[in-house]
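Asker: coordinates for the following, if possible.
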Amino acid sequence: MARNFAGAGAVISAAFALLVAVPTPAQTASAPDIPEATFQAILDCLSHGKEIVMVPQLDCVSRLRGSALAQEAHMPLGAPGWNGDWDEVCRNESDPRRLPATIIKRIAAQKEVSIAPTGIRIIGAVFCGDPNGVGLDLAGLDLTYSLVIDRSVVNGFLDARNLRVKGDFSFENTVILESLRLNRARVEGSVYGNKSFVDRLLVNDTQINGTWWHREAVVFSDAGIVRASISGDLNLEKSAFSRLWIQSNSIDGTLFLNDSEARCAYHINASKFGFLDAKRVGFGTMRTAQPAGQTAIDYAWWDRAVSGTPAAYTKRVIESPAIKRIADAGLAKITREPQQTNRTLVRGCEDTSNSQHVEFSVLNTTVENFFHLTAFFWLVPKTNLPGPAHPTSILTLNGTKVKGDLVIDLWDDLPPKIGPQRGRSEPGAVTARTMERGHADFEDVSKKHKLEAVGLTATALVLDFSDNGRPYFTYIDGLKFERLRNAKVCPDECDTRTGLPSADDALHWLDKNAAPSSQPFFAFVAAFEQAGTSATSLRVKQKTVDLCEKTARWIELIAPWCPGQRLSSDFLADPKDASPSRPQQKSDIFRGVGEIFSGAGEIVTLVFQWTLLGLADHGLRPGKVVWSVGITLLAFLFWFWVILGIVGFEPRSKDKEAAAAHPPLLWPITLLLLFDRLIPAYRIRDEHYAIAKVYRRATPDEIQAGLGPPADPPYPMRYLGKTFFVWPAGDAELRQAEKWLVVLRVIGVVFTVFLLAAINTIVSR
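Answerer: Below is the predicted model:
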């Protein structure tokens, strides 16, 4: 009986072994299984803390040796001349690189062999799954050690939903032909994806207790990292994306974006970083495709990532056979539909940013320390200068709070040693970046480069004010910072700090603002005054901008003459969309007679404010009234002596008979007389207010014919060391002189009123 049971057990064991050896229905020619001997060899290698290398044949080598062997075997980009068809590799049963999509799960599930603490390390494999399905299945795994699949190929998508790894997760130099889905995952160590290729990166609700290294990598479509928590850094330097989307993340270390490039957009929203470093970051170039039988199509593409000598790793990735097939398919999709004349979205970005602009946006984000945004790369036009259809590059920092230094330098003025980044084949690459103010196309180019900062807060704002003459404009409001510095930042962590900018430089930069707000002036004024520097010129400009805007509500023609760009009605308009000019009717200039009467008080106030601007710079420079007084006195002196010809006067005398027997007592028209009549409160000389007769300069004939008794004209009059001969003027001239002296007195009253207003402005500050 026992023998029968033993025989039955042997039969059952043999049947179970047979069932295990038979491929499951899910396995196909594209989803291979491996022999049991191969599987046992892998387990044995991993149990000894070594790593498996799948090329040129399965081998167990010491840790860190496998990558060099796989590189010699041209993994993962393939040998030169290869057609790039990984499906063919997965169908080839004799190819030693093939592994099934479930291999990691099978290793983790077995209990016979313990994996060493160094973890699962498989180098140079080709993970093959179901057609159009998962290439590597890690969903739900709970690993107590690290997982390394460097220099491998995932022929499909990598499913890492609910993955738990108590060590590191590494896919360096790995090609994932479809998406990497890291959802609700937890990695106790670090993630390494350097020099990898992923068609689409999808990370959601994931926690990384170390650092995520993803340098020199390519994400062909979206790289979306949403609601992730990273205890260290997120390093994306020198990587290329179509769109980088980082939302609702918490990164305790630094988000490194240095030397990265996006075809369509960077969207960084509602996140928190320790530091944010974005040097030499930005966009690529516009290119043109000419499909057969169709009009030319302009589309956005990479520039720095796919150019340069020596070739960057991202360029070698894009040009490799397998990835080139993906890129060619992407370009075919871009050019599949005919170009629409009314199309507004950036071509090639419809499935990513879905915008009519290329955008670098940091919205509602907190940076605990510094934020460096320097040597920015605007989208390069396809020709020397951007045309009307060229997308606008928008750099947005709305609602962002930087608790340290915010350093902004918008132009890639790099030293000669970094020349290859600037020496591009596209003619527009250098022209658009070096254009200075005064170029005939300066305004049109400026409209294509926009810096937007609404509700931006920083402890210190460091700007390169030397780029004031560059073609870009700003849209700034709600700007807050405690300190202001001028600096030209250069590569390799150096900068040239020059302290506070000059008031003129600050004014020129603020003139670029197209936002309907004068608030940025207040922020700059506060920074200047906190540094102990006068900000009067900034205050004057701010008040002038506000006054000009108020006046433009009544007189529209004044708007283009106002300071800055925000009141220029045609600045943001496409010149091709502008309607033909027509004579502007009075109803277009003024808002109607009824509104003018109803707003009479406001109009009077505007007139007063414009006058105060002219006399005392809105009351901020009361000393300027002195110059106005001086100019007024000189003007009246010229008016009396040259225009009216009245050069002297005779004061009234109590003894008229005695005065008639002697030559008159002549007083010249002097600045003292005019000043006394301008401000009568002083009443310097009573004679200035008792003019009985005025005298004009005698003609040569009158001087020659009038040489008689001293009591007869012409009379000599001394003024400024010279002798003038004068002739009595008539009553008409006397009345004219009195009239102009009354006018001078009225002007004096006006000066007094505005001087008091200016003093009140100074006192009330």
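Asker: tell me the SS of T38?
Answerer: helix (DSSP: H, G, I helix; E, B strand; the rest coil).
Asker: K195 touches N173, doesn't it?
Answerer: Yes. Applying Cβ atoms under 8 Å, one finds K195 in contact with N173, separated by 4.8 Å. Using the backbone N, CA and C atoms, a C-beta is placed for each residue, glycine as well.
Asker: give me the residues contacting stretch 712-729.
Answerer: The contact list for stretch 712-729, computed with Cβ atoms under 8 Å, 6 or more residues apart in numbering, reads 646-648, 663-664, 666, 668, 670, 693-699, 702-703, 706.
Asker: strands - which of those land there?
Answerer: Using DSSP state E, the members of the contacts of stretch 712-729 that fall in strands are I646, V647, G648, P668, K693, V694, Y695, R696, R697.
Asker: K238 contacts T314, correct?
Answerer: Yes. Counting by Cβ under 8 Å, K238 does reach T314; the two are 6.9 Å apart.
Asker: list residues touching both of the two?
Answerer: Contact with both K238 and T314 is made by residues E216, according to Cβ under 8 Å, 6+ apart.
Asker: just the helices in the stretch 251-400 of the chain please.
Answerer: Taking DSSP state H, counting those that start in this stretch as the test, the helices found in the stretch 251-400 of the chain are 313-319, 321-334.
Asker: okay, now A37: neighbour count?
Answerer: Counted with other Cβ atoms under 10 Å, the neighbours of A37 add up to 8.
Asker: how close does it sit to E93?
Answerer: 15 Å (Cβ to Cβ, to the nearest Å).
Asker: cool, and V126?
Answerer: For V126, the distance to E93 (Cβ to Cβ) stands at 13 Å.
Asker: what about the two, which has more around it?
Answerer: V126 (24 against 8).
Asker: if I pick the more buried one, what's in contact with it?
Answerer: M54, W86, V89, C90, D95, R97, R98, L99, S152, V153, N155.
Asker: element containing the fifth one, please.
Answerer: Element membership for D95 (DSSP states H and E) is empty, with no helix or strand holding it.
Asker: list the contacts of it.
Answerer: Here D95 is in contact with V89, V126 (Cβ under 8 Å, 6+ apart).
Asker: show the pLDDT at it.
Answerer: D95 is assigned a pLDDT of 93 by the prediction.
Asker: so what's the backbone phi/psi at it?
Answerer: Main-chain dihedrals, D95, degrees, to the nearest 10: phi -80, psi 120.
Asker: and for the third one?
Answerer: Main-chain torsions, V89, degrees, to the nearest 10: phi -60, psi -40.
Asker: identify the residues contacting it.
Answerer: D95, R97, R98, V126, C128, V153, N155.
Asker: can I get the residues you listed in TSV including distance to K403 and secondary structure?
Answerer: Listed next are those as TSV, based on distance: Cβ to Cβ, whole Å; DSSP: H, G, I helix; E, B strand; the rest coil:
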residue	distance to K403	secondary structure
D95	54	coil
R97	50	coil
R98	52	strand
V126	47	strand
C128	49	strand
V153	43	strand
N155	46	strand
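Asker: buried ones among those?
Answerer: The neighbour count (16 or more other Cβ atoms under 10 Å) marks R97, R98, V126, C128, V153, N155 as buried among those.
Asker: among these, which one lies nearest to D467?
Answerer: Closest to D467 out of these is V153 (45.1 Å), distances taken as Cβ to Cβ.
Asker: from G124, how far out is the closest one?
Answerer: To G124, V153 is 9 Å away according to Cβ to Cβ.
Asker: now do the shared contacts for these two.
Answerer: Joint contacts of V153 and G124 (Cβ under 8 Å, 6+ apart) are M75, P76, R97.
Asker: show me where the stretch 551-700 of the chain has strands.
Answerer: Assigned by DSSP state E, counting those that start in this stretch, the stretch 551-700 of the chain shows strands spanning 646-651, 667-668, 691-697.
Asker: next one: the stretch 301-450 of the chain
Answerer: 358-363, 366-367, 371-374, 393-396, 401-409, 449-454.
Asker: ok, the fourth one: who's next to it in the sheet?
Answerer: Looking back up the chat, that one is strand 393-396. strand 358-363 (parallel), strand 449-454 (parallel) (DSSP bridges).
Asker: want to throw the ones you listed into TSV with mean pLDDT, distance to T254 and mean neighbour count?
Answerer: Converted to TSV, those look like this (pLDDT from 0 to 100; distance: least, Cβ to Cβ, whole Å; neighbours: other Cβ atoms under 10 Å):
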stretch	mean pLDDT	distance to T254	mean neighbour count
strand 358-363	96	14	23
strand 449-454	95	22	21
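Asker: possible to save those strands as TSV with distance to K512?
Answerer: Listed next are the strands paired with strand 393-396 as TSV, based on distance: least, Cβ to Cβ, whole Å:
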stretch	distance to K512
strand 358-363	18
strand 449-454	8
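Asker: which among the contacts of stretch 712-729 end up buried?
Answerer: Taking 16+ other Cβ under 10 Å as the criterion, what is buried in these is 646-648, 664, 666, 668, 670, 693-698, 703.
Asker: can you list the weak-confidence ranges in the stretch 301-450 of the chain?
Answerer: Residue ranges of the stretch 301-450 of the chain with pLDDT under 70: 337-343, 412-438.
Asker: let's go with 90 and repeat that
Answerer: 307-311, 321-322, 324-345, 347-348, 350-355, 374-375, 382-389, 409-446 (pLDDT under 90).
Asker: for S260, give me the pLDDT.
Answerer: For S260, the model assigns a pLDDT of 97.
Asker: just A292 next, same as before
Answerer: Turning to A292, the model gives it a pLDDT of 72.
Asker: which phi and psi does it have?
Answerer: Dihedral angles for A292 - degrees, to the nearest 10 - are phi -60, psi 130.
Asker: ok, it - how many residues close by?
Answerer: Residue neighbour count, defined by other Cβ under 10 Å, stands at 5 for A292.
Asker: K324 too?
Answerer: Neighbours of K324 using other Cβ under 10 Å come to 13.
Asker: go ahead and confirm it touches I318.
Answerer: Yes. Applying Cβ under 8 Å as the test, K324 and I318 come out as touching, 7.0 Å apart.
Asker: wait, isn't L644 in contact with R735?
Answerer: No. Counting by Cβ under 8 Å, L644 stays clear of R735, with 11.6 Å between them.
Asker: who has more neighbours, these two?
Answerer: Applying other Cβ under 10 Å to L644 and R735 shows that L644 carries more neighbours, namely 18 against 10.
Asker: now that one, nearest residue through space, not along the chain?
Answerer: Q736 (6.5 Å; Cβ to Cβ, 6 or more residues apart in numbering).
Asker: any idea which element the one you found lies in?
Answerer: In the assignment (DSSP H and E), Q736 maps to helix 731-764.
Asker: pLDDT weak spots in the stretch 151-300 of the chain?
Answerer: Looking at the stretch 151-300 of the chain by pLDDT under 90, you get 288-298.
Asker: a markdown table for the contacts of V126, including distance to N249?
Answerer: Below are the contacts of V126 laid out as a markdown table (distance: Cβ to Cβ, whole Å):
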| residue | distance to N249 |
| --- | --- |
| M54 | 35 |
| W86 | 32 |
| V89 | 36 |
| C90 | 35 |
| D95 | 40 |
| R97 | 35 |
| R98 | 37 |
| L99 | 33 |
| S152 | 27 |
| V153 | 29 |
| N155 | 30 |
